[in-house]
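*Asks:* Sequence and predicted structure are below.
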Amino acid sequence: MAALPPALSDTIVALSTPPGAGAIALVRLSGAAAISLVAEVFTGKRLLDQPSHTLHFGTIREEDRIIDEVVVSLFRAPNSYTREDVVEISCHGSDYIVQQLLLLFTRRGARLAEAGEFTKRAFLNGAFDLAQAEAVADLIVADSQLSHQVAMQQMRGGFSRELKDLRARLVQFAALLELELDFGEEDVEFADRTGLVRLLQEVQALVQRLLRSFELGNVIKNGVTTVIAGRPNAGKSTLLNSLLNEERAIVSAVAGTTRDLIEDEVSLDGIRFRFVDTAGLRDTTDIVESIGVERTLKRVKQAALVIYLFDLTETSPSQLEAEIEALQLSPATPILAIGNKLDVASEEEQAAFRTRPSTVLIAASRGDGLDELRQLLLARVRGEGLDRTGSSTIVTNLRHARSLEAATLALDAVLSGLTSGTGTELLAADLRHALASLGEITGEISSDDLLTSIFTQFCIGK
């Protein structure tokens, strides 16, 4: 194991549970002096003699004053989260007790941990790679089945193994190109150009698949902002209430009831949707309502997905197309046209829209057609190849996506160079760039600035 930098070789301490009064709080120490520091103030079994992965009940004292009754958990290096000696103290969840313990240990030589420093030490000590470390943070904030599933798969190394396989396939050819450079004056080729083209095409296809998965991964991690837009009295508030299964928005027959944005979240089959009810779109002289319409148009343009709700009894196909066109949406923004009031619409009114793509007919007040709408929502945000068993790798991290984009550009340059007869020096340089971009994801190639940027986003006690 490589020696830690001086700033990381001392013993650190932090509260690892959320701050605030509660039944239990957990104070964690990590470092060479972690066990001895706690042993100095612990009354109970002699901690220095106890084996790893054991629990011990006793008291923490400062001279003759008892601070608290605690349970101490011992984890001896290298069999701990950080690969260092780790002590976790479970105490009563009083802010005062926690502060007294932190003061006690800092006075005795420990240092308050920085954000993410426990996980940073685990990474530096080889417990896991950088992609796995980032998955720890994703797992902590996972709030749906799919976000938990993806974070767990990455934390257990699924994504990292796939990247290492890709790099290993490229390293062999990169080594042969570097060997050619050593024998440049003799004009020899050790690397089979035809085989290299075939390999690069295979690797590029895999990288592109990972990159395409980021669109879905971003949805799984951050949710889908879905704006419900339409004319007044189309039933937008009723639809929001039906999707949430609660009376979240006021429903009234009076046009223009909704003046401001109303938002709430619901999970559909593991994917988090944030539905936004908006003011009805129409020309109005009411100042407050006109502000609501302006906010609606602005929010529609920011949406990841738009539901345009229309009244089947009052809208013709040509009117619908004109209203959707008036939204001036980006071509990349998916839009679903949802015809409401199916329960009172005539067969002729229904038939006019039944064959229109991305259109569902519903009766929001009764719940008719909502299951079909939910399935259409899921179909529009799910990427191809999502394996519900968790075996498919899905990229959820923007940093990873950018590194994959850089690797794709470098691989394209190598492929282009091979077909145009570019010299070995440039081929080797582009291939090194591709390898470096892939290595940045797992931390095989990293900088202090990159590590600082990543781990300062963690909570203090992790």
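*Replies:* Structure received.
*Asks:* Going by C-alpha atoms from here, please, whenever you check contacts or count neighbours.
*Replies:* OK.
*Asks:* Which pLDDT value belongs to Thr419?
*Replies:* Per-residue pLDDT puts Thr419 at 79.
*Asks:* what's the answer for the one 5 residues further on, then?
*Replies:* In this model, Thr424 is scored at 71, pLDDT.
*Asks:* wait, doesn't Phe214 sit right on Arg402?
*Replies:* No: using C-alpha atoms under 8 Å, Phe214 is not in contact with Arg402; the gap is 10.1 Å.
*Asks:* Which one of the two is surrounded by more residues?
*Replies:* Each of Phe214 and Arg402 has its neighbours counted (other C-alpha atoms under 10 Å); Phe214 has more, 21 against 14.
*Asks:* The nearest residue to the more buried one once chain neighbours are set aside: helix or strand, and which one exactly?
*Replies:* In space, and not counting its chain neighbours, Phe214 is closest to Val395: 4.7 Å by C-alpha to C-alpha, 6 or more residues apart in numbering. Using DSSP states H and E, Val395 falls within no helix or strand.
*Asks:* Run a quick neighbour tally on Val395.
*Replies:* 26.
*Asks:* Report the separation between it and Ala205.
*Replies:* 15 Å (C-alpha to C-alpha, to the nearest Å).
*Asks:* low pLDDT regions in the chain?
*Replies:* 1-8, 178-193, 246-260, 282-286, 288-289, 382-392 (pLDDT under 70).
*Asks:* Longest strand in it, please.
*Replies:* strand 65-75 (DSSP state E).
*Asks:* Which element is encountered next along the chain beyond that one?
*Replies:* Remark: after strand 65-75, the chain's next helix or strand is strand 86-93, criterion DSSP H and E.
*Asks:* nearest residue to the one residue sitting closest to the centre of the chain other than its sequence neighbours?
*Replies:* Centroid-nearest residue in the chain, with C-alpha atoms, centre = their mean: Lys221, separated by 3.7 Å. Spatial nearest neighbour of Lys221, excluding adjacent residues (C-alpha to C-alpha, 6+ apart): Ser147 at 5.5 Å.
*Asks:* how about that neighbour, what does it touch?
*Replies:* 138-139, 220-221, 270-271 (C-alpha atoms under 8 Å, 6 or more residues apart in numbering).
*Asks:* and it, what helix or strand is that in?
*Replies:* Assessed by DSSP H and E, Ser147 sits inside helix 145-155.
*Asks:* Could you measure from the residue nearest to the centre of the chain over to Ser316?
*Replies:* 38 Å.
*Asks:* Which residue, other than its chain neighbours, is closest to Ser436?
*Replies:* Not Ser; residue 436 is Ala. Ile445 (6.5 Å).
*Asks:* element containing that neighbour, please.
*Replies:* Short version, using DSSP H and E: Ile445 is in no helix or strand.
*Asks:* Tell me if I'm right that it and Gly439 touch.
*Replies:* Yes: counting by C-alpha under 8 Å, Ile445 does reach Gly439; the two are 5.2 Å apart.
*Asks:* okay, those two: which has more neighbours?
*Replies:* Taking neighbours as other C-alpha under 10 Å, Ile445 and Gly439 compare with Gly439 leading, 20 against 13.
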